[in-house]
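Participant: here's my sequence, what's the structure:
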Amino acid sequence: MTEKHLLILNSQQIEQKIVRIAYQILEDNLDEEEIIIAGILPSGGKLAARLKTVLDEIADFKSTLIGIELDKDSSKLQARFDFDMDICSHKVVILVDDVLNSGKTIAYGFGVFRDVPLKKLRTAVLIDRNHKRFPMTTDFAGMALSTVLKEHVEVVLDMEGEEDAVYLR
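Facilitator: Numbering: from 1, shown residues only. Predicted coordinates for the structure are as follows:
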């Protein structure tokens, strides 16, 4: 039996969603001098880098890109990052991932900043699936998608030999 691949977003549509999210982030942070864009690695890091590129073109504030590596299979929060957490103090942090699926990854991402005095914490995802195990919502989403539990959303960004796309499998 062959695996079914349904194209949800093509490269151009992904870029349009990223630009729209960047403008929403700009509107939410007009009075800021600097924001931190925290990508959950690996895929959220790619999306975060693209958001930063657009924000650098349209916003007056400085945007700083950081990456967070989470052990998504662990029952406890286990995170690695290569930056001093103090750079986030009293700033706006945008936590970025490619897909909001069960909500566990975003919940773990919140935990990374638990002891940091932030100005505010927002979330941005390319795809927000509408069934979650954790009560997580996102502030900025490219697309909301109702799926069944068996279906998998695959985001392809910056992969050699493949065009950017979002598939439902």
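
Participant: and the contacts of the helix ranked longest in the chain?
Facilitator: What stands out as the longest helix in the chain, according to DSSP state H, is helix 11-28. Outside helix 11-28, the residues that touch it by CB atoms under 8 Å, 6 or more residues apart in numbering are 9, 35, 47, 50-51, 54-55, 58-59, 94, 122, 124, 126, 139-143, 157, 163-166. C-beta here means a position set from N, CA and C on the backbone, and glycine is covered the same way.

Participant: list buried residues within those.
Facilitator: For the contacts of helix 11-28, a neighbour count by 16 or more other CB atoms under 10 Å gives the buried set as 9, 35, 47, 50-51, 54-55, 59, 94, 122, 124, 126, 139-143, 157, 164-166.

Participant: the helix or strand bottoming out on mean pLDDT in the chain pairs with which strands, parallel or anti?
Facilitator: Averaged element by element with mean pLDDT, DSSP states H and E, the chain has its least confident helix or strand at strand 79-81 (a mean of 83). Strand 79-81 has the following sheet partners, assigned by DSSP bridges: strand 62-70 (antiparallel).

Participant: ok, back up a step: run the angle between the helix or strand following the least confident helix or strand of the chain and helix 11-28 for me.
Facilitator: Per DSSP states H and E, the first helix or strand lying C-terminal to strand 79-81 is strand 92-100. Using axes from the mean of the first three to the mean of the last three CA atoms, to 10 degrees, the inter-axis angle of strand 92-100 relative to helix 11-28 is 150 degrees.
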